[in-house]
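Q: next come a sequence and a model predicted from it.
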Amino acid sequence: MATPQSQSTPKPNAANSMTIKLMVSKRSHKILYAEAGKDFVDLLFSFLILPTGAIAKQALVSKTTKEEDQTKVCCITNLYKSVESLSALLMKADKEVLLDPKVVSTTYTSDILRIQSPSSPPKPAAPPTYYVCYNAGSSSYTHSLSTQSGTSLCSCGNWVNREVKLVDKPPVAAKAQVLPTGYVKKSANFVITDDLSVIPVNSTATIVQLWNKLDVKEPTELEERNVTVGANEVVGLLKAAMVSNTALNDVFKAQPKYSTTIDMDTTGISLQELLIKLLTEGQKNRSSSKVTD
């Protein structure tokens with residue numbers, strides 16, 4: 001079940017939420033694995049670039065009750081609270097460097113985890129304007145150059161008040177800003193097990209091997225559930241990734257009363273539907289071959 005939203009946790013919206021498909025055992029009512037694409041896998045992989053200060057901050061805002069916070073205190077939380085309560089007089093650096101470290105990435109950004117793109121470099125300052133006197137074309141003197149008009153005399157005795165027109169060099173083409181594209185290819189599909197092992201789906205054989213490992217005999221033993229992954233769920237997954245081997249079940253309880261199941265129109269065909277179709281076609285082919293024999 002997703003953790004109740006705290007005031008410090010960003011509210012989920014269409015821009016920072018996604019949908020994944022959970023595969024639930026009808027016998028045990030446990031989530032066995034999830035089917036997801038690029039967005040969710042990029043999100044999980046981004047946990048690896050977060051500094052521990054950012055992880056501790058996220059874990060603190062995800063607590064549901066004071067009692068739960070007291071029973072699930074971990075060492076990194078104690079370190080965080082130590083810095084938080086330490087007097088600024090004893091600090092040589094700003095506390096925010098430790099309590100709210102900035103995470104910058106050219107590969108992946110996330111509003112929920114506050115992973116930012118590098119800021120654009122500042123525009124160069126406009127060059128100063130230079131002035132000479134009106135006799136500057138004469139070679140009889142070494143004429144003076146100034147950045148102010150009419151405030152000084154040239155060595156030839158005239159006022160320095162004639163603006164010099166500088167010839168600009170051809171502008172250097174600015175490098176195109178590389179937009180974050182994430183970590184995995186958009187065309188790839190993955191299954192994510194309860195312990196957050198990410199497995200690429202190259203063929204139906206991948207799913208069959210996973211089913212054998214999870215003791216799934218028939219596709220009908222599984223139930224599909226579409227769930228929304230928003231800010232609360234992301235923080236819950238991040239926290240579970242640090243302390244648990246059952247992250248999916250910790251965050252998305254499989255029981256209907258805890259489920260965050262939503263109605264959603266899906267496009268294409270799911271892996272389970274594909275396998276059922278393949279099994280059905282295989283049975284038809286075997287039956288027809290027996291008749292012809």
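A: Right, received. Where do you want to start? Residues are numbered from 1 along each chain as shown.

Q: ok now do Ala188, which residues does it touch?
A: 37-38, 41, 200 (Cβ atoms under 8 Å, 6 or more residues apart in numbering). (Glycine included, C-beta is placed from N, CA and C.)

Q: show me what Thr193 bridges to in the sheet.
A: Tyr33 (DSSP bridges).

Q: how many residues are close by it?
A: Neighbour count for Thr193, taken as other Cβ atoms under 10 Å: 19.

Q: contact partners for it?
A: 32-33, 199, 210, 248.

Q: can you tell me which of these are buried?
A: 32-33, 210, 248 (16 or more other Cβ atoms under 10 Å).

Q: most surrounded residue in the contacts of Ala188?
A: Those, ranked by neighbours (other Cβ under 10 Å): first place Val41, 20 neighbours.

Q: what about Val160, how many residues nearby?
A: For Val160, the neighbour count with other Cβ under 10 Å is 24.

Q: start to end distance for stretch 81-97?
A: 14 Å (Cα to Cα, to the nearest Å).

Q: and the helices in the stretch 151-293 of the chain?
A: 204-214, 231-243, 247-251, 271-292 (DSSP state H, counting those that start in this stretch).

Q: which of the ones you listed comes out lowest on mean pLDDT?
A: Across those, helix 271-292 has the smallest mean pLDDT, namely a mean of 57.

Q: okay, now the unreliable bits of this protein?
A: 1-15, 60-74, 122, 137-141, 150, 166-178, 254-293 (pLDDT under 70).

Q: give me the domain ranges for it.
A: 14-117+186-287, 128-165 (automatic domain parsing).

Q: want to throw those into JSON lines with distance to Pro180?
A: Shown next, in JSON lines, are the domains of the chain (distance: least, Cβ to Cβ, whole Å):
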{"stretch": "domain 14-117+186-287", "distance to Pro180": "5"}
{"stretch": "domain 128-165", "distance to Pro180": "38"}
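
Q: before we move on, back to that, restricted to strands, list the contacts of Ala188.
A: Assigned to strands by DSSP state E, the following of those qualify: Pro200.

Q: would Pro101 count as being in a helix?
A: No. Looking at Pro101 with DSSP: H, G, I helix; E, B strand; the rest coil, it is coil, so not inside a helix.

Q: which residues touch it?
A: Contacts of Pro101 (Cβ under 8 Å, 6+ apart): 51, 53-54.

Q: let's have those in a markdown table, adding neighbour count and distance to Pro121.
A: Shown next, in a markdown table, are the contacts of Pro101 (neighbours: other Cβ atoms under 10 Å; distance: Cβ to Cβ, whole Å):
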| residue | neighbour count | distance to Pro121 |
| --- | --- | --- |
| Pro51 | 12 | 24 |
| Gly53 | 19 | 26 |
| Ala54 | 20 | 25 |
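
Q: quick check, nearest of those to Asn226?
A: When those are compared for distance to Asn226 (Cβ to Cβ), Ala54 wins out at 29.3 Å.

Q: what separation is there between that closest one and Met18?
A: 21 Å (Cβ to Cβ, to the nearest Å).

Q: picking that back up, pick the one among the contacts of Ala188 closest to Val227.
A: Taking the contacts of Ala188 together and measuring to Val227 by Cβ to Cβ, the closest member is Gly37, at 14.4 Å.

Q: what about the residue nearest to the closest one when sequence neighbours are not counted, neighbour count?
A: Nearest non-adjacent residue to Gly37, counting by Cβ to Cβ, 6 or more residues apart in numbering: Asn189, 6.0 Å away. Using other Cβ under 10 Å, Asn189 has 15 other residues around it.

Q: return the residues in contact with Asn189.
A: Going by Cβ under 8 Å, 6+ apart, the list of residues near Asn189 reads 35-37, 200-201, 271.

Q: ok, Val97 next?
A: Taking Cβ under 8 Å, 6+ apart as the definition, Val97 has no contacts.

Q: just to be sure, it is in a helix?
A: Yes. Counting by three-state DSSP, Val97 is found in a helix.

Q: please report the distance of it from Ala125.
A: From Val97 to Ala125 the distance is 29 Å (Cβ to Cβ).
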